[in-house]
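Asker: Below are the sequence and a predicted model for it; my questions follow.
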Amino acid sequence: MVDKMKDDEDWLYEIKPKGKLIDLNLREIWRYKDLLVLFVKRDIVTVYKQTVLGPLWYLIQPLFTSVVFTLVFNTFANIDTGAVPPFLFNLAGVTLWNYFKECLSTSSTTFTANAGLFGKVYFPRFIVPASKVISGLFKYGIQMLIFVIFYAYFVFYKDAHIAPSYLVWLFPFCVINMALLGLGFGMILSSLTTKYRDLTILVSFGINLLMYLSAVMYPLSEAKIKSPAYAWIIEANPLAQTIELYRNVLLGADHIAFGGFITSFLISLIAFFVGLVVFNHTEKTFIDTV
Amino acid sequence: MNHTILKVENLSKQYRLGLVGTGTLSHDLNRFWHKIRGKEDPYLQVGAINDRSSAASSEYVWALKGINFEVQRGEILGIIGKNGAGKSTLLKMLSRVTSPTTGSIKTRGRIASLLEVGTGMHPELTGRENIFLNGAILGMTKAEILGKIDEIVDFSGCQMYIDTPVKRYSSGMRVRLGFAVAAFLEPDILVVDEVLAVGDAEFQKKAIGKMQDISQSGDRTVLVVSHNMGTIQQLCSKCVLLEHGAVSYIGNTAKAIDKYLAVGKIEKESSYLIDYFKHQKDDVFNLNALTVNQVNANHNMYYSDKSIDVYYEFEILKEAIGLRIGFDLLDMKSGVTLWRSYHDDQALEMELIPKGKHSINMRIPSNLLKLGSYGLKPLVGIHNNRWIVNDDKFVFYFDIENTKGVDAIYTGGRPGVIMPAMDWGSISNIN
């Protein structure tokens, strides 16, 4: 049979200088789905190899943090958490905050930490931050389990008057929102750090400061009561809005406001798409500058 | 069916010389400013050609400029060239690790690259887990790996340790495992970089055998980069010779190799060798001059029936016991060291060379070397202590021509690495 195709038409793909704005090849990512699974598995399995307590470390860290927060913020600083036991209040905030922190910090080092690998072989680079977000979700799941156990303990043994809100089905959206925010800003930062290393330093201390502005260990209402002049800083923070809603739907609250969360979700979506664009732009030549 | 599987068109890559520093931001901004006005990148018009030895004339350099070639389905293409000629840059673009500055690579098949053996292996995972991880990184699916896992384990020769974490492996075993995964990779186009130069002799043989199997199967295309002309000759039907970031020859392997070796010979008078003498800073020994010569020789072309003189001039600044002056003689085609020799090889005890300037002459006997290309790599060292002169780029190249030497009246090659004249008696009648 005569091949009717012209010489220039049936190319499978073309390697070109940087081109389109969004160049996310979903079909290619789908082809590498096994790699995604293996990366997730690797992250989960290898972290605590050759440690005695192993995966227990996933639990120890948020528990201790919550104990200390309860001592400092609730006992010493007298922050009022309403009907909710302060420990449970802090545990909820810390768990979700940890997930965001994990997403942001791991994806913000994508290029610098994997330069050796990326310099040797091609695969869709997006797989790496995506795998981090998924393996982070696994850790979050384990921590959620311990949250549920303490929840039950407080309800049945301590007679705490708390119950999930009828909007409890909203909590997965809070988690997704955190993932999008962490991934989005993480990808933007990882792209910028390939050229400007200053940002690595900024991220490492900035993320700790950010926690204090994200309503992790106090309710938004407390901030409004104690300092009406500056509460807007917390209110404008999409992380604070997400954590607030998350806590309210899980632990029950008199009234639940969505406005802040919807804005926050939009910000996440924008961050995620901007992140994708910047990330795609960087992945093509970062190896020359890293 | 179209037979051109890969087409490289006007491919160029520009790098910035020196540090990435404060200038980066201003150049980036300038670039951006030109872009939004719809103008061309102002820095693409500048840039020196890629010549390592000449001083930089611009902040930007073209590592590759205007590369064009095509690869046919089933072909094994060798890519050769000196250090810094642009081979690795070309490989990086072929394997999509970095993007070209201008031009394009079009392909009709999936490209898998093997720039390193065992990429992405995790030391805490077992051999078996790493086979899956490494395979997936190279682009295999889980099903593909599952179907070949037994063969891969078998090929690696690591059956006993396959469920042990890779961090307990010897470095050789890690390489074997990595190569085994790579060997069962079945992309349309495989890009390989010198990975054959690893492992022990037995494993190298296995690896080259595997490469040949792949090439003989006929439907897979391989691009190989190597400095080992022996391997290139064995595997490739066609070669691309790169020089200063441009293609200087495409075609028949044997011819390309000859041209490549000729490139090396020009280096005899190169600035590198001259600089070498100037920039020595050793507190024990300084090499002041070294010449490789043959009486009545024409440039670097020597005759096999005449001896070759090597003359060293040096200065001893501090006496050192066990100071040895010598050389390695390299066969450039195979990359094999034919032999090593030192000035005191036949001494019965270590002697001390007194302070001051000295010279020594050494003669490679006539009727010993075969027709071919050789390199003499000077060596100076203190026994059991350190090397003073031992530099892979500090090599004197020469060719041996055979017109009046051994076997000169017959044409054609003969087996053997060297071709010494033996002490044959004359034929006598015993009737």
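Answerer: Everything's here; your move.

Asker: Look at the residue of the stretch 101-250 of chain A found nearest chain B and give its secondary structure.
Answerer: Here the stretch 101-250 of chain A gets closest to chain B at one residue, residue A:122, 3.8 Å apart by CB to the nearest CB. The way it works is simple: take the backbone N, C-alpha and C, and place the C-beta from them, glycine included. State at residue A:122, reduced to three classes by DSSP: H, G, I helix; E, B strand; the rest coil: coil.

Asker: if I pick it, what's in contact with it?
Answerer: B:95, B:96, B:97, B:113 (CB atoms under 8 Å, 6 or more residues apart in numbering or on different chains).

Asker: what residues does the helix or strand harbouring residue B:152 touch?
Answerer: With secondary structure defined by DSSP states H and E, residue B:152 is part of helix B:142-156. By CB under 8 Å, 6+ apart, the list of residues contacting helix B:142-156 from outside reads A:34, A:37-38, B:127-128, B:131-132, B:135-136, B:159, B:162, B:173, B:176-177, B:179-181, B:183-184, B:186, B:206, B:210.

Asker: make it 6 Å
Answerer: Outside of helix B:142-156, the residues within contact range by CB atoms under 6 Å, 6 or more residues apart in numbering or on different chains are A:34, B:131, B:132, B:135, B:159, B:162, B:176, B:177, B:180, B:181, B:184.

Asker: how far out from the middle of the chain is that helix?
Answerer: The chain centre lies 31 Å from the centre of helix B:142-156; the measure is CA atoms, centre = their mean, to the nearest Å.

Asker: Which neighbouring elements make contact with the helix or strand just after it?
Answerer: Moving toward the C-terminus from helix B:142-156, the next helix or strand (DSSP H and E) is helix B:171-183. The contact analysis (3 or more CB pairs under 6 Å, 6 or more residues apart in numbering or on different chains; DSSP states H and E) places helix B:171-183 against helix B:127-137, helix B:142-156.

Asker: any chance of these in CSV, plus mean neighbour count?
Answerer: Formatted as CSV, these follow (neighbours: other CB atoms under 10 Å in any protein chain shown):
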stretch, mean neighbour count
helix B:127-137, 24
helix B:142-156, 16
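
Asker: Let me have those helices in JSON lines, adding mean pLDDT as columns.
Answerer: Formatted as JSON lines, the helices and strands packed on helix B:171-183 follow (pLDDT from 0 to 100):
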{"stretch": "helix B:127-137", "mean pLDDT": "92"}
{"stretch": "helix B:142-156", "mean pLDDT": "91"}
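
Asker: how about these in a markdown table, adding distance to residue A:231?
Answerer: Conversion of those to a markdown table gives the following (distance: least, CB to CB, whole Å):
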| stretch | distance to residue A:231 |
| --- | --- |
| helix B:127-137 | 49 |
| helix B:142-156 | 51 |
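
Asker: Tell me which of the ones you listed sits nearest to residue B:381.
Answerer: helix B:142-156 (37.1 Å; CB to CB).

Asker: Of the contacts of residue A:122, which ones also sit close to chain A?
Answerer: B:95, B:96, B:97 (CB under 6 Å from any CB of the partner chain).

Asker: List just the nearest of those residues to residue B:106.
Answerer: Distances from residue B:106 to the ones next to chain A among the contacts of residue A:122, taken by CB to CB, are shortest for residue B:96, at 12.9 Å.

Asker: tell me the contacts of that closest one?
Answerer: A:15, A:122.

Asker: cool, residue B:239 as well?
Answerer: Residue B:239 neighbours (CB under 6 Å, 6+ apart): B:78, B:80, B:253, B:256.

Asker: Help me confirm that the last one is found in a helix?
Answerer: The one in question is residue B:256. Yes - counting by three-state DSSP, residue B:256 is part of a helix.

Asker: From chain A, how far out is it?
Answerer: Using CB to the nearest CB, to the nearest Å, residue B:256 is found at 24 Å from chain A.

Asker: Flag the shaky bits of the chain, pLDDT-wise.
Answerer: Unless you meant another one, I'm taking chain A. A:1-9, A:18-24, A:254, A:290 (pLDDT under 70).

Asker: let's do chain B instead
Answerer: Within chain B, the stretches with pLDDT under 70 are B:1-2, B:17-25, B:40-59, B:194-201, B:203, B:218, B:263-274, B:297-300, B:411-413.

Asker: tell me the helices in it, going along the chain?
Answerer: Counting by DSSP state H, chain B has helices at residues B:22-36, B:87-94, B:127-137, B:142-156, B:171-183, B:201-217, B:229-235, B:253-266, B:271-278.

Asker: In CSV: the ones you listed, plus distance to residue A:178.
Answerer: Listed next are the helices of chain B as CSV, based on distance: least, CB to CB, whole Å:
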stretch, distance to residue A:178
helix B:22-36, 32
helix B:87-94, 36
helix B:127-137, 28
helix B:142-156, 30
helix B:171-183, 37
helix B:201-217, 48
helix B:229-235, 53
helix B:253-266, 57
helix B:271-278, 57
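
Asker: So which of the ones you listed is nearest residue B:73?
Answerer: helix B:201-217 (11.7 Å).

Asker: Distance from the chain centre to stretch B:94-114, please.
Answerer: 22 Å.

Asker: and it, how far apart are its ends?
Answerer: Chord length of stretch B:94-114, first to last residue, is 11 Å (CA to CA, to the nearest Å).

Asker: buried set for that stretch?
Answerer: B:94-109, B:111-114 (16 or more other CB atoms under 10 Å in any protein chain shown).

Asker: How about stretch B:404-419?
Answerer: B:405, B:406, B:419.

Asker: my read: the second one touches residue B:422, true?
Answerer: No - the pair formed by residue B:406 and residue B:422 falls short of the contact definition of CB atoms under 6 Å, at 8.7 Å.
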